[in-house]
Each structure stands twice: as structure tokens, then as C-alpha cells.
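Trainee: Return atomic coordinates for the entry below.
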Amino acid sequence: MRIMENIRNMGFIAHIDAGKTTVTERVLFASGRTYKLGSVDDGNTVMDWMDQERERGITITAAAATTYWRDCQINIIDTPGHVDFTAEVERSLRVLDGGVVVFDAVAGVQPQSETVWRQADRYHVPRICFVNKMDRVGANFARTLDMIRTRLKGNPVPIQLPMGTDATFKGVIDLLEQKALVFPQNNNNQNILPQEAPIPAEYQAETEIYRTSMIEKIAETDDALTTKYLEGETITLEELRAALRKATIANLIVPVVCGSALRYWGIHPLLDAITYYLPSPLDVPPAKGMDVKTGAPLERPASKDAPFSALAFKVVTDAYTGRMVYFRVYSGVAKSGMNVYNSTKVGRERMGRMMRMIANRREDLEELGAGDIGATVGLKNTFTGDTLCDEGAPVLLESIKFPQPVISVAVEPKSRGDQEKLGDALSKLSEEDPTFIRHFDEETGQTIVAGMGELHLEVLMERLRREFGLQVNQGRPKVAYREAITQRARAEGRFIRQSGGRGQYGDVWVEIEPAERGAGFIFENKIVGGAIPKEYIPGVEAGAKSALENGVVAGYQVIDVKVILTDGSYHEVDSSEMAFRAAGSIGVKEAMRRAKPVLLEPVMLVEVISPSEFLGEILGDLNGRRAQIKNMEAQASTQVITADVPLAQMFGYATDLRSLTQGRASYTMEFGHYAEVPPQLAADVAKKS
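Mentor: Here you go, the predicted structure:
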């Protein structure tokens, strides 16, 4: 078992096609973990191991691998770039200590770059930037740095300077060690270290400017270095590295390196930067949780001597080993065959075979210590976000929050005999992917599945066919509309039933008001003087919550509502929690009708990249889709158009865009926000629902 200060848990995150998987492949090859270079174009990469990933040329599921460099154990997770698989990024960042954000030197900061950056901010993940594809026509290192500052509000500090761009790119200047690293021009993807050389004369002036700026920014984060810098004293390389590491871990600085992963340029310096500047488990704050019984805050330090605690962050159904659970150990030691306590589900589990993953290959282990990441079989009732711990010292760690699905379809097996088999398969897929949700619609008798986008559902339907041998019929995609209220309203809810024996009596007065976007459901009890006994209040809350599941406009879920219980009455004999649950539901339903409810639709952030000559056609088509154009930017001979477009208008857009631009344009789309449906369209949606 390696010492903890030499462990790096990190992931590669980026926009689709920025080159994450290619960078990961080169890192594994450079560090000796693999002996043959895979290519995304050839469909033979280690990390994209699923058939669909290799066929489509995209990463669909986050893959883990462990490698070693400069006495450090690096646990890598290669995440998807496509927004439909954002849950994979979310759960990976929850358990990682650091990240490398990969940018395309030509495109700079793209929409999904902003999304993953915000996710990393939410989990306080320190990061390094790798500006990839510096050998491509149009590559611009300085522009990418400026976009990181302006769009991402980051503080990028280049620790390398590129020597040349596109066809003239031949190496980098190491600003810390003040030397040039020249890349082998015809390395044929061989593991050849860059050649060290003096800094060429034509780069001396630029190097001095960038190095001075780098030292200033590093010194600003350390009082001792600030004093030395102001007094004109020489700051040593070791002092700079130590201060830069400390500032990176504190998220004050983002070191920036560059290269071309496809040509194997810049990979060795990137590995050095990972080991030098990204944190070990000892450098990040202890895992925070709470006491299962009292709710009091607890911490679990990264120590093998502390009570065992771990977070399950991924569930996979494997054809050979069965159900595997990926987990991060925060404290203590996990051993094969040990009994653990699932504090989320409140039950005992038994760890089976313990493994370290290299994509879909595995190495057996006897144990995993604090700070490490691995997988195990045998955990039958453990799901994504569950806490595993020592039963004698239970703790509940913060779980993982996932975005809500925005698109749904009805599915049914082509053969009636496969109905039960379909249910089992969908259960396994929803266990693996928390953003894939299924439910049975009692009114229509259909099985409805919901996901993050058309591609997401397409991939999962293809998995049903390939992995489970199921042929299914699929309905047209449906938008996951929501409802909201626009004003405050008050109503009474009475539920009175009298039969021969004991009756049912519940009477409540409730007020509802709009809450802030993203606030969800808020319940406030303002009962005074015992108008409703305390034991019935949870029933009112449950009834209010169930009423919001189906709105009064078109039957969609109502979001961001505050419900206030203000008054009511009860009967000493006939009242029950069930009666108050019904009364709460009736009261909230009636209040919603008075609160001017509106229909909300998911609005997507769309970025279209197209040759300039098709700009007019694309803008005309987007305007026909109720788009709001946010920005247009010229990049060489192309135009980048950013717009907010309702999801309902985006079905089939890929085909339409190809037709408009002779197949020369591309687009990306991610969920932006919910917005009110125009009144003239809301009526049509309600009729179809």
C-alpha cells in the first residue's frame, strides 16, 4: 500500500472533442501502464472500451485507471464531454481531489467547458489547464488564456510558453526552470522525452514578460515570497514550486501547460505538473458528514487509523463479474470479505472481491486504504451516493446531486414475453445511471423512460439491444415540462368522511407562494395554539408534496413552491395523519388554481459552429425555433453562434443543420434553464398532455 502523500486522485474534464481521451491514452502510455497507443479515430483506446464509444468516437461512461509516475500513484478518471452524460462528470468530481481541464487551442472555452468548470467549482476541486491541439491551424494560446479569465473567471498562470503555433509549434519553454523543451518532430508516437535546450534568442523577451508575471502572481499568494519579491531577492525554484502547489490546492491559481496529445507532445511535462501541483488526499480537507442518529456534523480525516468510511459513486453491471460498485475510501481500510454498514440504506453489506480498475480490466487487491479508489463486488443494496462505514462509528457522507432529466419516451418490448425482462434491464440501467429514470404510467399503461437528451436515450436503447438482447419499440421523444405559480394564494383543504364506524377528519388552511428558482419544495409550519396537533403536521407536508407532483395546468410536476400551513382544525376521535395528508393535498391543489400557474419548458444553450457563408440560413432557422441569439463570434473562416432555444424545438436539429450547411456545421447543446411557455403555445401543450 502506497503512502498517502504520493496518491493523486484526478480526472480529465472538458468539452466534447477537446481531446480528453487522447490525453488519457498518452498519459497511460508515457507512464508505462499500457504498451500500445490507442486512437479515438481507430476505435482502439483503452479508456473508451464500450463498443458504442468506439463506434461513435465519444466517451459515454467515466472510466477509471491507475498508473504511476515519479513515485506517485495516479488514479485517473476519464470523463465524457457530451452534456447528455454530465452525471458521469458530476459523480467523478465528487470523489476526486484534483482535475486537468483540457481545452482545444483553436476553440478555446466552449459551452461544456463552462459546465464542467462550474461543477469543479461546486466541489472545490483544484485544477490544472492543458491547452491541447497547439499544432492545429488557428491555435491561439493567449486567446485561450484570456477566455479562461473572462468566461470562467479563473486565474490562469502559464508555467509554460509555446514555441510557435500550428505548423511552427515545436516545443515549450518551461518558465519555472527557464529552459526549452523541444519535442521530437517525427516520434511516430514513441515514448520519447522532450529534449532540453537553452531558450532560443527570439523567445527571450516574451519569456521574461511571462516569467515576471508568473512570479508576481505566485508571490501574491504567499506573504514570505511577497516580501522577497518586493525586496528584489531571488526566489528559488523550490520556493516557487511549493508556493504554486499551495496556491493551486487553495484554488487561488490554475497552472497552465500546453501541447498536442495526438502527436504525444507535452505529455511528460503534464505528468510532472500533476505530481507537483495537484493535491494528495492529505492536502484536501477531511471528508464531512453527519452523525446518523443526531445529525451532528462529523469529519473523517484521511487516515488509515480512523474508522472506515467510503462513498459509492458508480454502479456497473459487468457481464463477467456481475454487479460492481466503485467507491472512494476516505478513512480507514477496506478489505476483501469485510462487513460494512450502509448508513444511507441503514443495513449491513459484505465486501466481496476487491479490484483496482484499468477501464474494463481489473487487478485483484486484498485491501484499499484511505485516499484510494477501487471497485468491489458483493454489495447488493448499495447504490450511487451511498455511504459505507464502520457500524461501530457510523457516519453519513454528503451524497451526490444529479440534474433532473429533460426528455422522455415511452418504450415497450416487441415481444410480449419480454415485458419482465425489460423491467429487469431498465432497473439495472437506472442503477448505473441516476439521470436515467423510469416509471409506469397508470393512465396509459406505458413504461416511460427519461434522460438528459436524445443521444443519452439513444445510447441506452442500444444497450438494451446489445447487452440484454432486447428489441424495443420506442415512442416519440417528449419534453419534460414543469409548472410553477406566479403569485401568492390561500385556500382551505377539508377532508371529511363519515361511515358507520370511525370517520376521517382533516381541516387545513394553507398559503403558497413562488420560491426562488432551484429552491424546490419548502414547507413552513405556522400553527400556533395547537389548532392542529404536532403528530398530524408531517401528514400535511406529505400531502402538499404529493399535490405538487401533478400540476393543475397540464399535470406536470410543480417546482419551486413554498407551502405555509397557517391554520386548521381537528376532531379528537376522527382525525388521523392520513386525513390530514388528504386535506393538505386538497388545500394545495386549490391554492395552485388561484396562484396563476404557468407552464415551464426546458431551454437549452446551443452553440453552432459553421462556415461563415451559411450564417444567414442558420440564423433564419434558429429564429424559426423561437431561439434567442446570445452571441455571434467570428473565428477565422467560421462563425460561432450561441443561442437559447426551447428543447421542444430542437428535435431532429442535427439532420436539419446538415441539410442547411452541406454537412459542414456542427452544434452542441446543454440544458440551460426553465422558462415560461408563451401563453399561445401553453394551451396546445396542455391539450396534448
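
Trainee: And E483, what's its pLDDT?
Mentor: pLDDT recorded at E483 is 91.

Trainee: Neighbours of it, how many?
Mentor: 24 (other CB atoms under 10 Å). Yep, even glycine has a C-beta here, placed from its N, CA and C like the rest.

Trainee: what does S546 give?
Mentor: Applying other CB under 10 Å, I find that S546 has 15 neighbouring residues.

Trainee: Can you pull the phi/psi pair for the spatially most central residue of the chain?
Mentor: Central residue of the chain (CA atoms, centre = their mean): E90, 2.5 Å from the mean position. Backbone geometry at E90, expressed as degrees, to the nearest 10, gives phi -60, psi -50.

Trainee: surely it meets Q119?
Mentor: Yes: taking contact to mean CB atoms under 8 Å, the distance of 6.1 Å between E90 and Q119 places them in contact.

Trainee: okay, now the domains of this structure?
Mentor: Residue ranges for the domains of the chain, per automatic domain parsing: 4-277, 287-397, 407-480, 483-595, 600-688.

Trainee: mean pLDDT lowest for which of these?
Mentor: Taking the mean pLDDT of those, domain 407-480 comes last: a mean of 80.

Trainee: got the end-to-end distance for that one?
Mentor: Using CA to CA, to the nearest Å, one end of domain 407-480 lies 5 Å from the other.

Trainee: And for stretch 347-354?
Mentor: One end of stretch 347-354 sits 20 Å from the other (CA to CA).

Trainee: Ok, stretch 309-325 next?
Mentor: First residue to last in stretch 309-325 (CA to CA) measures 15 Å.

Trainee: change the start of the numbering to 8 and stick with it
Mentor: New numbering, starting at 8: the last item is stretch 316-332.

Trainee: Helix or strand next in line after the longest strand belonging to the chain, which one?
Mentor: The longest strand of the chain (DSSP state E) is strand 604-618. Proceeding N to C from strand 604-618, the next assigned helix or strand is helix 622-630, under DSSP states H and E.

Trainee: With just CA atoms, put that next one into CSV.
Mentor: Provided in CSV are the C-alpha atoms of helix 622-630 (Å, rounded to 0.1, in the frame of the first residue of the first chain):
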residue,chain,number,x,y,z
LEU,A,622,-24.7,32.2,-41.3
GLY,A,623,-27.9,33.7,-42.7
GLU,A,624,-29.5,30.2,-43.2
ILE,A,625,-28.6,29.1,-39.7
LEU,A,626,-29.9,32.4,-38.1
GLY,A,627,-33.2,32.1,-40.0
ASP,A,628,-33.7,28.5,-38.9
LEU,A,629,-32.9,29.3,-35.3
ASN,A,630,-35.3,32.2,-35.3
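
Trainee: Give me the contact list for that helix.
Mentor: 613, 615, 617, 636, 639, 646, 648, 650, 652, 663-664, 667-668, 672 (CB atoms under 8 Å, 6 or more residues apart in numbering).

Trainee: packing partners for the top helix by length along the chain?
Mentor: Ranked by residue count, the top helix of the chain under DSSP state H comes out as helix 584-601. If contacts are counted by 3 or more CB pairs under 8 Å, 6 or more residues apart in numbering; DSSP states H and E, helix 584-601 sits against strand 496-504, strand 511-521, helix 544-554, strand 568-576.

Trainee: orientation of that helix relative to strand 511-521 in degrees?
Mentor: Counting by axes from the mean of the first three to the mean of the last three CA atoms, to 10 degrees, helix 584-601 lies at 40 degrees to strand 511-521.

Trainee: if we can go back for a sec, just want the angle from the longest strand of the chain to strand 496-504.
Mentor: 120 degrees.

Trainee: Please name every helix or strand in contact with strand 604-618.
Mentor: Right, strand 604-618 is packed against strand 489-492, helix 622-630, strand 645-653, helix 660-668, strand 673-683, helix 686-695 by 3+ CB pairs under 8 Å, 6+ apart.

Trainee: now with 10 Å?
Mentor: If contacts are counted by 3 or more CB pairs under 10 Å, 6 or more residues apart in numbering; DSSP states H and E, strand 604-618 sits against helix 118-129, strand 489-492, helix 622-630, strand 635-642, strand 645-653, helix 660-668, strand 673-683, helix 686-695.

Trainee: Which strands and helices lie in contact with the helix or strand hosting N82?
Mentor: Here N82 sits within strand 79-85, counting by DSSP H and E. Applying 3+ CB pairs under 10 Å, 6+ apart, we find strand 79-85 packed against strand 14-21, helix 27-37, strand 70-76, helix 93-102, strand 105-111, helix 274-284, strand 361-365, strand 380-384.

Trainee: Turn these into a markdown table, including distance to E677.
Mentor: Listed next are the helices and strands packed on strand 79-85 as a markdown table, based on distance: least, CB to CB, whole Å:
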| stretch | distance to E677 |
| --- | --- |
| strand 14-21 | 13 |
| helix 27-37 | 16 |
| strand 70-76 | 22 |
| helix 93-102 | 8 |
| strand 105-111 | 16 |
| helix 274-284 | 27 |
| strand 361-365 | 28 |
| strand 380-384 | 27 |
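
Trainee: Mind checking the ones you listed for the one nearest to S576?
Mentor: Minimum separation from S576 across the helices and strands packed on strand 79-85 (CB to CB) falls at helix 93-102, 45.9 Å.

Trainee: secondary structure class for K352?
Mentor: coil (DSSP: H, G, I helix; E, B strand; the rest coil).

Trainee: what residues are up against it?
Mentor: By CB atoms under 10 Å, 6 or more residues apart in numbering, the contact set of K352 is 388-390, 393-394.

Trainee: ok, of those residues, which come out buried?
Mentor: Buried subset of those (neighbour count, 16 or more other CB atoms under 10 Å): 389-390, 393-394.

Trainee: Touching, the residue nearest to the centre of the chain and P410? I think so.
Mentor: Yes: the pair E97 / P410 is scored as a contact, 7.7 Å apart, by CB atoms under 10 Å.

Trainee: list the residues that contact both of these two?
Mentor: What both E97 and P410 touch, as defined by CB under 10 Å, 6+ apart, is the set 441-442.

Trainee: got the CA positions of the strand holding N82 in CSV?
Mentor: Provided in CSV are the C-alpha atoms of strand 79-85 (Å, rounded to 0.1, in the frame of the first residue of the first chain):
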residue,chain,number,x,y,z
CYS,A,79,3.3,8.9,-7.3
GLN,A,80,0.2,6.6,-7.8
ILE,A,81,-2.2,8.5,-10.1
ASN,A,82,-5.8,7.3,-10.0
ILE,A,83,-7.3,8.7,-13.2
ILE,A,84,-10.9,9.1,-14.3
ASP,A,85,-11.6,10.0,-17.9
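
Trainee: can you pull the contacts of E209?
Mentor: Contacts of E209 (CB under 10 Å, 6+ apart): M170.

Trainee: Tell me how far it lies from T175.
Mentor: Going from E209 to T175 by CB to CB, to the nearest Å gives 11 Å.
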